[in-house]
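*Asks:* kindly generate the corresponding structure for this input.
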Amino acid sequence: MTRIAIVALTLTLGLLAAVAAAVASPWWCFGAVPLVALGLLGTWDLLQRRHSVLRNYPVLGHARFLLERIRPELQQYFIERNFDGRPFDRDVRTIVYERAKGTDAEQPYGTERDVYLPGYEFLVPSMAPREVPKTPPRVRIGGPDCSRPYDMALLNVSAMSFGSLSANAILALNGGAAAGGFAHDTGEGGLSEYHLRPGGDLVWEIGTGYFGCRTRDGDFDPAEFADKAAHEHVKCVSLKLSQGAKPGIGGVLPGAKVNAEIAKVRDVPQGRTVISPPYHRMFSTPRELVRFVARMRELSGGKPTGFKLCVGSRRQFLAVCKAMLEEGTAPDFIIVDGGEGGTGAAPMEFADHVGAPLTEGLLTVHNALVGVGLRDRVRIGASGKIATGSDLVKRLVQGADYGNAARAMMFAAGCIQAQRCHTNTCPSGVATQDPRRARALDVADKTPRVRRFQEATVSSALEIMASMGVTDPAELRPHMLHRRVDALTERSYEELYEWLEPGQLLAGPPASWAADWKAADAGRFTV
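*Replies:* Purely as a prediction, here's the structure:
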């Protein structure tokens with residue numbers, strides 16, 4: 001029988017059953033209703049012109065769309081192995097959940113990972129391990145131009161805006177930071193009451209939209225900035241140049257998410273889609289960037305001020321370093337975001353192919369600052385897929401002074417990696433402005449989970465470092481991290497990468513850096 005005949009037969013049988021229900025017995029309704037519904041659906045499928053599959057396979061074709069819709073859940077829960085999921089595999093998600101809940105996070109029977117696979121990395125234990133420090137070390141943020149330095153924890157909450165995250169999620173993250181003594185980056189969405197109410201230390205991030213300190217025309221408002229930066233909970237100020245998920249393009253907050261509260265926090269019209277410009281209006285050269293950072297530090301009353309970027313051109317970053325030398329001032333910190341992407345929704349092409357991965361970004365920034373003799377006054381934060389103690393130690397070896405975590409902190413607050421952050425339909429209430437969905441996130445329950453996760457992860461990092469024979473992150477060296485190059489060969493980071501000596505770029509750059517150093521111009525961002 002043809003598909004048209006089958007649909008017609010189904011509809012006919014349904015109508016006959018409906019007649020029987022009306023004349024003979026109402027029990028015929030149990031057959032009439034589904035048959036009529038299927039017949040009408042099949043008729044619609046045959047007549048519509050949008051989906052070829054439904055025209056060829058009326059009714060049955062809907063199964064294809066249903067399976068496609070739940071494919072991510074089927075993949076995540078029933079198909080993928082513990083160690084090969086993306087962006088975070090089940091092993092990583094599980095350890096975050098267990099540490100957040102304060103339960104046992106140990107694993108029996110050895111690793112499931114292929115340790116002979118190229119790209120596998122391992123940290124080098126010492127034959128003379130040390131005792132684990134009882135108090136986690138902190139990192140002093142604040143160069144010679146900073147009058148109010150801040151002692152940063154080894155792991156902190158990375159940039160996530162109110163608007164992207166729900167009010168309850170922000171409250172839980174900041175409450176955890178307050179209880180655990182670590183910092184919480186606000187993201188570029190402005191300072192909200194949910195950032196301030198719990199009392200956690202804040203890194204106030206200012207993006208290209210200058211949300212929370214902008215004029216009606218979208219320019220930077222010095223007076224409003226100074227007023228808010230003076231708040232006692234704001235410990236540092238960060239200027240966002242770019243982010244790993246989408247370097248070079250601005251963020252978008254759909255109008256459906258811009259309620260009255262978010263509009264007030266961001267200084268934008270309610271109900272209208274908010275688009276962050278791809279570039280800053282207050283500077284256009286490396287020298288102007290350095291001056292603007294110094295101006296923000298002055299307006300904040302001397303608090304540590306820096307910038308965040310996803311590294312692209314080494315030549316452009318060297319131009320910023322030259323500007324620091326020529327202007328006689330430098331940021332107090334630089335946060336390096338990995339091109340692997342993060343919590344921000346982005347076009348697939350940007351998340352997959354634009355921006356340096358965190359490892360290369362860290363090595364570029366660290367070596368450039370060492371090469372121009374500024375590394376001792378500028379601290380480096382690493383932001384990108386830090387979820388375990390080993391993740392943190394690896395980033396410290398690669399040149400960071402401390403780490404920031406976004407998605408792992410979201411896991412601790414209840415995120416299940418549904419990857420619906422941009423749809424306003426987050427099932428766990430973390431990344432949504434839907435009051436009903438956000439209400440599901442219980443702040444009192446999730447706040448201690450955020451604290452416990454951070455505490456356990458830092459404790460794990462310190463335990464790993466002690467097994468490597470060091471008690472202070474400053475003692476970590478490149479030869480302590482190895483990577484497998486092929487099935488027969490592994491090399492240390494000391495052998496794999498070039499590490500500059502202090503002031504080497506000024507004294508005479510090595511051949512591999514010479515062309516970029518020569519082309520770098522403090523007066524313009526050279527392409």
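
*Asks:* run through the stretch 1-150 of the chain and note the low-pLDDT ranges.
*Replies:* 1, 3, 6-11, 13-23, 28-32, 82-83, 85 (pLDDT under 70).

*Asks:* which residues of it fall in helices?
*Replies:* With helices called from DSSP state H, counting those that start in this stretch, the stretch 1-150 of the chain shows them at 3-23, 29-47, 52-56, 61-69, 71-74, 90-101.

*Asks:* right, and the helix or strand after the lengthiest helix in the chain?
*Replies:* When the chain is parsed with DSSP state H, its longest helix is helix 443-467. Next along the chain after helix 443-467, taking DSSP states H and E as the criterion, comes strand 481-486.

*Asks:* tell me the buried residues in that following strand?
*Replies:* 481-484 (16 or more other C-beta atoms under 10 Å). Backbone N, C-alpha and C define where each C-beta goes, glycine included.

*Asks:* alpha carbons of stretch 242-252, as CSV, please.
*Replies:* Output in CSV follows, covering the C-alpha atoms of stretch 242-252 (Å, rounded to 0.1, in the frame of the first residue of the first chain):
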residue,chain,number,x,y,z
SER,A,242,38.3,38.9,24.6
GLN,A,243,37.1,35.5,25.8
GLY,A,244,38.0,32.0,24.8
ALA,A,245,34.5,31.0,23.5
LYS,A,246,34.4,33.8,20.9
PRO,A,247,37.5,35.9,20.6
GLY,A,248,37.0,39.0,18.4
ILE,A,249,33.2,39.1,18.6
GLY,A,250,30.9,40.5,21.3
GLY,A,251,28.5,38.7,23.5
VAL,A,252,24.7,38.6,22.9
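
*Asks:* over to the nearest residue in space to residue 233 that is not next to it in sequence. Which of the three states is it?
*Replies:* With sequence-adjacent residues excluded and distances taken as C-beta to C-beta, 6 or more residues apart in numbering, residue 233 is closest to residue 202, at 5.0 Å. Put simply, residue 202 is strand when judged by DSSP: H, G, I helix; E, B strand; the rest coil.

*Asks:* farthest pair within the buried residues of strand 481-486?
*Replies:* Spatial extent of the buried residues of strand 481-486 (C-beta to C-beta) is set by the pair 481 and 484 at 11.8 Å.

*Asks:* give the residues shared as contacts by these two.
*Replies:* By C-beta atoms under 8 Å, 6 or more residues apart in numbering, residue 481 and residue 484 have these common neighbours: residue 121.

*Asks:* run a quick neighbour tally on the residue nearest to residue 396 when sequence neighbours are not counted.
*Replies:* Once flanking residues are discounted, residue 396 sits nearest to residue 473: 4.7 Å by C-beta to C-beta, 6+ apart. By the criterion of other C-beta atoms under 10 Å, residue 473 has 20 neighbours.

*Asks:* now do the contacts for residue 473.
*Replies:* Contact analysis of residue 473 by C-beta under 8 Å, 6+ apart lists 137, 139, 154, 396, 401, 465.

*Asks:* the first one touches residue 155, doesn't it?
*Replies:* No. Counting by C-beta atoms under 8 Å, residue 137 does not reach residue 155; the two are 11.7 Å apart.

*Asks:* shared neighbours of these two, which are they?
*Replies:* By C-beta under 8 Å, 6+ apart, no residue touches both residue 137 and residue 155.

*Asks:* more crowded one of these two?
*Replies:* For residue 137 versus residue 155, neighbours defined as other C-beta under 10 Å are more numerous around residue 155 (28 against 16).

*Asks:* residue contacts, the more buried one?
*Replies:* Per C-beta under 8 Å, 6+ apart, neighbours of residue 155: 182, 386, 392, 402-405, 454, 457-458, 461.

*Asks:* do residue 107 as well
*Replies:* residue 91.

*Asks:* other SSEs contacting the longest helix of the chain?
*Replies:* The helices and strands touching helix 443-467, judged by 3 or more C-beta pairs under 8 Å, 6 or more residues apart in numbering; DSSP states H and E, are helix 90-101, strand 155-157, helix 167-180, helix 389-397, helix 407-412.

*Asks:* can you put these in a markdown table and add distance to residue 4?
*Replies:* Below are the helices and strands packed on helix 443-467 laid out as a markdown table (distance: least, C-beta to C-beta, whole Å):
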| stretch | distance to residue 4 |
| --- | --- |
| helix 90-101 | 47 |
| strand 155-157 | 59 |
| helix 167-180 | 52 |
| helix 389-397 | 59 |
| helix 407-412 | 50 |
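
*Asks:* tell me the phi and psi of residue 237?
*Replies:* phi -130, psi 130 (degrees, to the nearest 10).

*Asks:* beta partners of it?
*Replies:* Beta bridges link residue 237 to residue 204, residue 305 when assigned by DSSP bridges.

*Asks:* what's the distance between it and residue 203?
*Replies:* To residue 203, residue 237 is 7 Å away according to C-beta to C-beta, to the nearest Å.

*Asks:* compare neighbour counts for these two and give me the winner.
*Replies:* Using other C-beta under 10 Å as the criterion, residue 237 and residue 203 rank with residue 203 on top: 29 against 24.

*Asks:* got phi/psi on residue 432?
*Replies:* phi -160, psi 160.

*Asks:* number of nearby residues for it?
*Replies:* Residue 432 has 25 nearby residues by other C-beta under 10 Å.

*Asks:* how about it, nearest residue that isn't a chain neighbour?
*Replies:* Computed as C-beta to C-beta, 6+ apart, the closest residue to residue 432 that is not its neighbour in sequence is residue 426, at 4.1 Å.
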